[in-house]
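Undergrad: here is a sequence with its predicted model. Questions after.
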Amino acid sequence: MFQLWRIGASVVLASGVFAPGLPVPPSEIAGVIDRFKEIYSIPGKLDELKEQYVQMQAVLAEQQRQLEEARQTAQQYAMRQQELMEQNEAYRKQNELLLQRIDKLTRDKSEQRRLFRTIVLSVTVVAGMVLLYLLSVRVWRHWSWFKHRNGGGGGP
């Protein structure tokens, strides 16, 4: 504090030495006094600025931590999205294979039905022909018997 008064006294004397005959306006004297007051209050302002600096560093560290967390979260989301896209692609391929199998099974079943109908039709036709043959033989025998019974045949 003594140094501040000494500096102030030196300034006042210097202004009187370099300008001995000039009157000093009161506004300049007030400006010099205000300047001394500012110089005297600088340590308090410096402490205040240090506090603000420390607070800002803490805020900056917190923001950096949050930014890092956000980056990690974004990276995790990107990895999860990539996994889901790969899984989706695998499901799509699996669905495509299943649809192909369903088509093949449908065609095979349709082919089996067609083959079954063909077999049933063939068996029915053969059975009908056998029945027609048996019926025709029976009719022929009956006709033959009827013809021979009535004496229509010129036999012995």
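TA: Everything's here; your move. Keep in mind that what you see is a predicted model, and the values were worked out from it rather than measured.
Undergrad: so where does A74 fall, helix or strand?
TA: Element membership for A74, per DSSP states H and E: helix 26-149.
Undergrad: mean confidence score for that helix?
TA: What helix 26-149 shows for mean pLDDT is 90.
Undergrad: next, name the residue at the spatial heart of this protein.
TA: With distances taken as CA atoms, centre = their mean, the residue of the chain nearest its centroid is Q81 (4.1 Å).
Undergrad: still on that earlier bit, what helices or strands is the helix holding A74 leaning on?
TA: Helix 26-149 is packed against helix 2-18, with contacts defined by 3 or more CB pairs under 8 Å, 6 or more residues apart in numbering; DSSP states H and E. Every residue, glycine included, has its C-beta placed from N, CA and C.
Undergrad: return the residues in contact with E51.
TA: E51 makes no contacts at all, as judged by CB atoms under 8 Å, 6 or more residues apart in numbering.
Undergrad: what separates it from A127, distance-wise?
TA: 110 Å (CB to CB, to the nearest Å).
Undergrad: also I39?
TA: Distance of I39 to A127, given as CB to CB: 128 Å.
Undergrad: what does T118 give?
TA: Distance from T118 to A127, counting by CB to CB: 15 Å.
Undergrad: then S144?
TA: Applying CB to CB to S144 and A127 gives a distance of 25 Å.
Undergrad: same check on Q66?
TA: Remark: distance between Q66 and A127 (CB to CB) = 88 Å.
Undergrad: cool, Q64 as well?
TA: Note on Q64: its distance to A127, by CB to CB, is 92 Å.
Undergrad: same check, this time on Q63
TA: Relative to A127, Q63 is positioned 93 Å away (criterion: CB to CB).
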